[in-house]
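Peer 1: Let's see this in three dimensions:
(one chain, ligands or ions: 1)
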Amino acid sequence: MSVRDTWAPEFLRRLAHREDEMKWLYMELYNNQEAYDYFVGMLYRVYSERDEKLKLWDQYRHEQASGWYRSNDMLGMVMYVNCFAENLRGVMDHFDYLKQCGIKYLHLMPPLASPKGKSDGGYAVSDFKKIEPELGTMEDLRKLAAMCHKARIYVCLDFVMNHTSDEHEWAIKAKEGQKEYMDRYFFFDDWSVPNEFEKTVPQVFPTTAPGNFSWCPEVNKVVMTTFYPYQWDLNYGNCVVFNDMTENMLYLCNRGVDILRLDAVPYIWKELGTNCRNLPKVHTLVRIMRLASEIVCPGTLLLGEVVMEPSKVVPYFGTVEKPECHLLYNVTTMASMWHTVATKDVNLLKHQLASVFALPGEYTFLNYLRCHDDIGWGLDYDFLAGYGMEQVAHKKFLNDYLTGKYYGSYARGELYNDDPKLGDARLCGTTASLCGIEGALEKNDAEKLRDAIRFDRMLHAFLLTQSGIPVIYSGDEVGQLNDNSYHDDPLKREDSRYIHRGNFVWEKTAHLEDPKTVEGEIYQSIMKLAKIRKQYTVFNSKADVWLLEPYNDHILGIGRYYEGQKLLALFNFAEDEEIAWIYEDETYTDLWTMKPRSAHEVRVPGHDFVWLFREYEGGYSDETDLSGY
Ligand code: GLC
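Peer 2: Numbering: from 1, shown residues only. Prediction:
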């Protein structure tokens, strides 16, 4: 009798569907039967530890609500637990606010144990099975997840898989010289091999943490540290690392996590002579992780953090037959949008969206205006070269504009990792501050303030027009400004990303009903936009989407069609009123005013948008009766 004879039929059924491919991939990587048997045994162990309620939830997510993340009622929010409400209990106490905002997807920034001063905002994990004590306990996380599930809110957590903190138990044992643990990382006796790597591997943090290796005095060796020196890269060439990390990932799923954000996933496989990014074996590992989660907790989603150019991002969806990630960040659209804010010229954004719209409809993006990280200028410079724009000079223009140095700009961003050698600074700041709200308030300029608020609303309308999950960065819904206090904090001041990681200003929520306040106007606008999106299935991710041609370089046009509903969306990136030279004979309704409006030569006020809608009588839908067909 084999051990498998005792396993639950449900598990065996799921395994049987996937084992052929999973084993093939695993053996191709590690060629180690014993390790593979351990891996599958571990999957069963985690499956049998899974709470019955979560198993029911699996059924719901996977069967009844399958594809939930592509529906037009999806609205996400991402937040630091401590910034929002001090700790996990605080989030539970403020749960009504999340419900009031209509949030259906909640991403809590990494809350796992992470050493103070060496935490990189929670991205240096010292224990994958423990919550940072200041934030609460695993039991709190489980309770919060249960609360979310009851309200049909899905929970996203980071799975920081590329590295551990240098205070993780494995790193501590490695520092003691224990070979078994040193083998979980990349150690070198001297700098000769690291120097070879440095010839081909770019730097992630050229100013705040230059180089990809650090000296480890405890063992007199060099250790690989792609990010910060206290974040030690894990060696996924070692099957023990992969087995244990997959277990850590599934442990989070068993606490109620629905979406795993695979942090820095392109970096997890390293090979000398390469740039150590997006190597083919990364895809093998992600595909095995996908199969493992389908076996243990179906309905769990993988969200890949692939902050790379489009040609590198899309492969992380895998193929339609062998998918990898369910969701990917729409990073180039986000960066191209901020480029458009500065240039007021929509050509690059059109070019970018054309490539997104051409992808298979199954590929779902997570859309966002801002997140906890900087905005990197990973734009299509070959395309921009056609407009005479050169990379270094253009990045300088974008940064000058968005930091408010440029004449006439009210934006208030700050540079991040300014690399004078490459001229490659990135940018930080909240949406409201980048839109000019902070600058207008500072200068007491009422007209500019109105313009900036309209701009903020228009960018959110653009966010909500795209297919996929729109995720709001907590605080943006009330127009939160930059937090400059990080400059005085010795643990934060070197990292300008903290400028947009301020505490949520709860006082602002007292004015949400008052549209005469900045926060009230922004909050009500975003809520209204989200409500409209929810009401009309034309916003569903299954819709056909195309670029609408307004023959005006300041106006972006997007068309959508689904089940007899049609939407024409126009976004004016210029300060002054512009005309969209479109000529559609049908009559439309303006979804913002609910008044009839013609789609002939549409005038769009500066920094504003228009959503024109019409419904076709007898339009075909999934519910259409085709019995007489
Ligand atoms: C990801 C995170 C970023 C962090 C890095 C290292 O890119 O988004 O905040 O610094 O990973 O873990």
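
Peer 1: quick check: longest helix of the chain.
Peer 2: In the chain, taking DSSP state H as the definition, the longest helix is helix 9-30.

Peer 1: quick one: buried residues of it?
Peer 2: Residues 11, 14-15, 22-23, 25-26, 29-30 are the ones in helix 9-30 that count as buried (16 or more other C-beta atoms under 10 Å). Using the backbone N, CA and C atoms, a C-beta is placed for each residue, glycine as well.

Peer 1: Let me know the closest of the residues you listed to residue 392.
Peer 2: For these, the minimum distance to residue 392 (C-beta to C-beta) is 39.9 Å, reached by residue 29.

Peer 1: Save the buried residues of helix 9-30 as CSV, and put in distance to the ligand and pLDDT too.
Peer 2: Formatted as CSV, the buried residues of helix 9-30 follow (distance: C-beta to the nearest ligand atom, whole Å; pLDDT from 0 to 100):
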residue, distance to the ligand, pLDDT
11, 33, 98
14, 31, 97
15, 32, 98
22, 27, 98
23, 31, 98
25, 25, 98
26, 26, 98
29, 23, 98
30, 25, 98
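
Peer 1: Can you lay out the residues you listed as TSV showing distance to residue 170?
Peer 2: Shown next, in TSV, are those (distance: C-beta to C-beta, whole Å):
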residue	distance to residue 170
11	29
14	30
15	29
22	25
23	26
25	25
26	21
29	20
30	18
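
Peer 1: got the contact list for the residue in the stretch 451-600 of the chain positioned nearest to the ligand?
Peer 2: With C-beta to the nearest ligand atom as the measure, residue 497 is the residue of the stretch 451-600 of the chain nearest to the ligand, at 7.0 Å. Residue 497 is in contact with 121, 372-374, 416, 428, counting by C-beta atoms under 8 Å, 6 or more residues apart in numbering.

Peer 1: So which of those are in strands?
Peer 2: 416, 428 (DSSP state E).

Peer 1: Any stretches of the protein with poor pLDDT?
Peer 2: Flagging of the chain using pLDDT under 70 yields the residue ranges 618-629.

Peer 1: when you scan stretch 123-141, is anything in it near the ligand?
Peer 2: Yes: applying C-beta under 6 Å from any ligand atom, one finds stretch 123-141 touching the ligand at residue 123.

Peer 1: how about that stretch: buried residues?
Peer 2: 123-128, 131-132, 135-136, 138, 140-141.

Peer 1: Restricting to C-alpha, output that stretch in PDB.
Peer 2: Extracted in PDB, the C-alpha atoms of stretch 123-141 (Å, rounded to 0.1, in the frame of the first residue of the first chain):
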ATOM      1  CA  TYR A 123       9.900  43.300   2.000                       C
ATOM      2  CA  ALA A 124      12.700  41.700   4.100                       C
ATOM      3  CA  VAL A 125      10.800  38.900   5.800                       C
ATOM      4  CA  SER A 126      12.400  37.200   8.800                       C
ATOM      5  CA  ASP A 127       9.600  34.800   9.400                       C
ATOM      6  CA  PHE A 128       7.100  33.700   6.800                       C
ATOM      7  CA  LYS A 129       4.700  32.300   9.400                       C
ATOM      8  CA  LYS A 130       4.600  35.200  11.800                       C
ATOM      9  CA  ILE A 131       3.000  38.700  11.600                       C
ATOM     10  CA  GLU A 132       5.100  41.600  12.700                       C
ATOM     11  CA  PRO A 133       4.100  41.900  16.400                       C
ATOM     12  CA  GLU A 134       3.300  45.600  16.100                       C
ATOM     13  CA  LEU A 135       0.700  44.700  13.500                       C
ATOM     14  CA  GLY A 136      -0.900  41.800  15.300                       C
ATOM     15  CA  THR A 137      -0.900  38.000  15.000                       C
ATOM     16  CA  MET A 138      -1.700  35.300  12.400                       C
ATOM     17  CA  GLU A 139      -4.900  34.900  14.200                       C
ATOM     18  CA  ASP A 140      -5.800  38.500  13.500                       C
ATOM     19  CA  LEU A 141      -5.000  38.000   9.800                       C
END
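
Peer 1: one step back: tell me what the longest helix of the chain is packed against?
Peer 2: When contacts are defined as 3 or more C-beta pairs under 8 Å, 6 or more residues apart in numbering; DSSP states H and E, helix 9-30 packs onto helix 33-49, helix 239-253, helix 280-296.

Peer 1: So which elements touch the shortest one?
Peer 2: Under the contact criterion of 3+ C-beta pairs under 8 Å, 6+ apart, the helices and strands touching helix 239-253 comprise helix 9-30, helix 33-49, strand 127-131, strand 154-160, strand 259-263, helix 280-296.
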